[in-house]
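pasted the sequence and its predicted model underneath.
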Amino acid sequence: MAWAPVGPWERITWGAHLSKLQAIPFQRVPEELTRIWRAHFAEQMVITEARGQWDYVYSVRELIDLKGNRFHKKKNLLHQFQRNYKAVYHVLDMDCVERVLEMQHNWCTWKECADSHALEAENTAIGRVLQHWDAIPGLMGGALEVNEEIVAYTVAEALTENTVLIHFEKGHAGYKGVYQAINNMFLANAAEGFESVNREQDLDDEGLRKAKMSYHPVRFLKKNNVRFLG
């Protein structure tokens, strides 16, 4: 399967490319491109919802303020973390990259990454990003330190002028509320200039889906799998 083509979709004369489109099925096709293709090809497409590939999009302001009953549990966990631990927030930069790498190594040990192809692949990607932090333009991030130990970190970048994209977020499970804390503190310190935060997909993982839904997304970037009939 191929990923959806990128570029100015609305400017393409799609009818001239039907034979190429029929040659291979597509995955992760955004809803807007699916709509454009459907307008051109109507019944010549088989469309399957790719729920596990939907991006979760949230309001930055809502996740900073955590107002109302919807966010009561999140705010309570954040306050417990703040009360129980004298955490220091750091901008993720080369001065703390080595310590974040050490935390990631420990996290992978706790989660037994070696037994999971997906976690092992993610760990490799995280290592590459952190080791080349200064060479990759546009990266931003934050880390939480408790008693001189890094206990959580976030790696992100600006997706658009209005949206920040969270690539990786890890926390030490021994610190109750650590995920609520790194999520909230990173956005409050680094993302107030953005309207939305994209926290990527759940990959059909039931636990991850439940966690992402618990933060009350304001919308989804929906995607489909598409196959063209010959």
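Arrived safely.

mind checking how far the closest residue to Trp3 other than its chain neighbours is from Ala191?
Residue nearest to Trp3 in three dimensions, not counting chain neighbours: Arg28, with 5.4 Å by C-beta to C-beta, 6 or more residues apart in numbering. C-beta: built from backbone N, CA, C; applies to glycine. Per C-beta to C-beta, to the nearest Å, Arg28 is found 25 Å from Ala191.

neighbour count winner among the two?
Set Arg28 next to Ala191 and count neighbours by other C-beta atoms under 10 Å: Ala191 wins out with 23 against 19.

local confidence estimate at the closest residue to that one other than its chain neighbours?
Excluding the flanking residues, the one nearest Ala191 by C-beta to C-beta, 6+ apart is Val164, at 4.7 Å. Val164 is assigned 98 on the pLDDT scale.

could I get the buried residue list for the strand or helix carrying Val164?
Using DSSP states H and E, Val164 sits in strand 163-171. For strand 163-171, the neighbour count (16 or more other C-beta atoms under 10 Å) marks 163-171 as buried.

try stretch 184-193
Those would be 184-187, 190-191, for stretch 184-193 by 16+ other C-beta under 10 Å.

and the residues you listed, which is closest to Gln104?
Nearest to Gln104 among the buried residues of stretch 184-193, counting by C-beta to C-beta, is Phe186 at 16.1 Å.

against Ala39, how distant is the closest one?
Distance, Phe186 to Ala39, using C-beta to C-beta: 40 Å.

what does Glu192 give?
Taking C-beta to C-beta, one finds Glu192 at 39 Å from Ala39.

and Glu200, by the same measure?
28 Å.

looking at those two, which is more packed in?
Glu200 (18 against 9).

the more buried one - nearest residue in space that isn't next to it in sequence?
Per C-beta to C-beta, 6+ apart, closest to Glu200 is Asp55, 5.8 Å.

next one: Leu21
Per C-beta to C-beta, 6+ apart, closest to Leu21 is Phe228, 4.6 Å.

touching, that neighbour and Gln44? I think so.
Yes. With contacts counted by C-beta atoms under 8 Å, Phe228 reaches Gln44, the gap being 5.9 Å.

any shared contact partners between those two?
Any residue near both Phe228 and Gln44 by C-beta atoms under 8 Å, 6 or more residues apart in numbering counts here, and that gives Leu18.

neighbour-wise, which of the two wins?
Phe228 (19 against 15).

that one bridge partners, please.
Met45 (DSSP bridges).

please, where are all the strands along the protein?
2-3, 26-30, 45-49, 55-59, 88-91, 139-146, 149-158, 163-171, 196-198, 219-221, 223-228 (DSSP state E).

which stretch among the ones you listed comes nearest Leu119?
Nearest of the strands of the chain (C-beta to C-beta): strand 163-171, 11.0 Å.

run a quick neighbour tally on the residue lying closest to Gly52 once chain neighbours are set aside.
Excluding the flanking residues, the one nearest Gly52 by C-beta to C-beta, 6+ apart is Asp204, at 3.4 Å. Asp204: 11 surrounding residues under other C-beta under 10 Å.

sounds good, over and out.
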